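Trainee: the sequence isn't on hand, but the structure is:
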């Protein structure tokens, strides 16, 4: 027995301790990618807010864009976004949008429309208005007495120079991956026209952004066009008819609500403009909300009813833009544009944190809140 015990002891001494198996590296899942459509409002220089929203969404990298419907500045942002995605991916689109707004600032840097010291003394966002600028006051008076056919007989439009060379429209016309829809108002017919596919051109963008008191109507195929905001700011139906994504993210620039009744003449005119440019969007949102609610209340499968579910999302400007009047839409100072961009980035970041998980599943925005 002693020998046997010794043999066992020797075998134990020779045995090599077994180390525990190394822990498997944690499995990191790639972030879920989701697809949506974008609806981009117009608003002059305030479109830099939309630039910031798009920049943050592109930086995040979890969203694919199928369709973009835009009006005025929203159409311009949308065109640069689509072209950038098609030719350089997300980083290419970010760089192209930056180039666009940098050009905008440079084109107006030596122009007469600048905030005065009285505007700056108001503090807050109001310092970016042009309400105390004698040049703006003179322009406001001039457009009441003269038309652009009189004070701008050559039909010059600085936006043409800003856009020159930034986009190869043939790329947008041929694309079936990222679709662009540009809204403009037919002056004679009083109807909305949506430019898409083969119809896309720099003229379509200029038509969509043609403010009729400042610029002559843009003629396309013998028809005159004004700013698309009068009929669709932006229009949503192309995103339903020509795209398959179930989600629409509306990037709003024009405030839906104001805390007080305007009493100054300029403030009254500003609010009238805001209400008018939001009216068509609200009607379309109401229609979509009605369809969604009917399906939900009556247990109807949207597919069986011949419709597809539409999930609505909204990024809207925060209180930082509340003091900005209509005059600030003509202020293209680089410092102001980057402020708006940063506001847009912050708003988009907040939306991603709160609502990204709802994309493809449900609406994160109750349209009824904006309609009632």
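Mentor: Structure's in. What do you need? Source: prediction; values computed, not measured.

Trainee: for the residue positioned nearest the centre of the chain, give me its contacts.
Mentor: Nearest to the mean C-alpha position of the chain, counting by C-alpha atoms, centre = their mean, stands residue 40 at 3.7 Å. Counting by C-beta atoms under 8 Å, 6 or more residues apart in numbering, residue 40 touches 50, 68, 69, 70, 71, 73, 74, 75, 77, 78, 234, 251. All C-beta atoms are positioned from the backbone trio N, CA, C, and that covers glycine.

Trainee: any idea which of those has the most stuff around it?
Mentor: Note: the member of these with the most neighbours is residue 71, at 35 neighbours, neighbours being other C-beta atoms under 10 Å.

Trainee: pretty sure it is touching residue 211, no?
Mentor: No - taking C-beta atoms under 8 Å as the contact criterion, residue 71 and residue 211 are not neighbours in contact, 11.9 Å apart.

Trainee: before we move on, back to that, show me what contacts the nearest residue to the residue nearest to the centre of the chain once chain neighbours are set aside?
Mentor: Of all residues beyond its chain neighbours, the one nearest residue 40 is residue 74 (3.1 Å), with distances taken as C-beta to C-beta, 6 or more residues apart in numbering. If a contact means C-beta under 8 Å, 6+ apart, then residue 74 has 39, 40, 41, 42, 43, 47, 50, 233, 234, 251, 253 as its contacts.

Trainee: one more: residue 343?
Mentor: With C-beta under 8 Å, 6+ apart as the criterion, the residues that contact residue 343 are 49, 52, 317, 318, 320, 321.

Trainee: okay, now the last one: neighbour count?
Mentor: The burial metric for residue 321, expressed as a neighbour count using other C-beta under 10 Å, is 22.

Trainee: pretty sure it contacts residue 48?
Mentor: No - look at residue 321 against residue 48 with C-beta under 8 Å: they stay out of range, at 10.7 Å.

Trainee: list residues touching both of these two?
Mentor: When contacts are counted by C-beta under 8 Å, 6+ apart, the set common to residue 321 and residue 48 consists of residue 340.

Trainee: before we move on, the earlier item: mutual contacts of residue 71 and residue 211, please.
Mentor: By C-beta under 8 Å, 6+ apart, residue 71 and residue 211 have these common neighbours: residue 227.

Trainee: still on that earlier bit, tell me the least confident of the contacts of residue 343?
Mentor: Within those, residue 320 has the lowest pLDDT, namely 77.

Trainee: which stretches of the stretch 151-300 of the chain form helices?
Mentor: For the stretch 151-300 of the chain, the helices identified by DSSP state H, counting those that start in this stretch occupy 158-163, 169-174, 202-208, 237-241, 265-297, in order along the chain.

Trainee: and of those, who's closest to residue 152?
Mentor: For residue 152, the closest of the helices of the stretch 151-300 of the chain is helix 158-163, at 10.8 Å, according to C-beta to C-beta.

Trainee: what helices and strands are in contact with the closest one?
Mentor: With contacts defined as 3 or more C-beta pairs under 8 Å, 6 or more residues apart in numbering; DSSP states H and E, the secondary structure elements packing on helix 158-163 are helix 73-108, helix 202-208.

Trainee: mean pLDDT added to those helices, as JSON lines?
Mentor: Compiled in JSON lines, the helices and strands packed on helix 158-163 are given as follows (pLDDT from 0 to 100):
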{"stretch": "helix 73-108", "mean pLDDT": "96"}
{"stretch": "helix 202-208", "mean pLDDT": "98"}
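
Trainee: can you put the ones you listed in JSON lines and add distance to residue 325?
Mentor: Compiled in JSON lines, the helices and strands packed on helix 158-163 are given as follows (distance: least, C-beta to C-beta, whole Å):
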{"stretch": "helix 73-108", "distance to residue 325": "16"}
{"stretch": "helix 202-208", "distance to residue 325": "23"}
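
Trainee: now the residue nearest to residue 40: how far from residue 216?
Mentor: Using C-beta to C-beta, to the nearest Å, one obtains 22 Å as the distance from residue 74 to residue 216.
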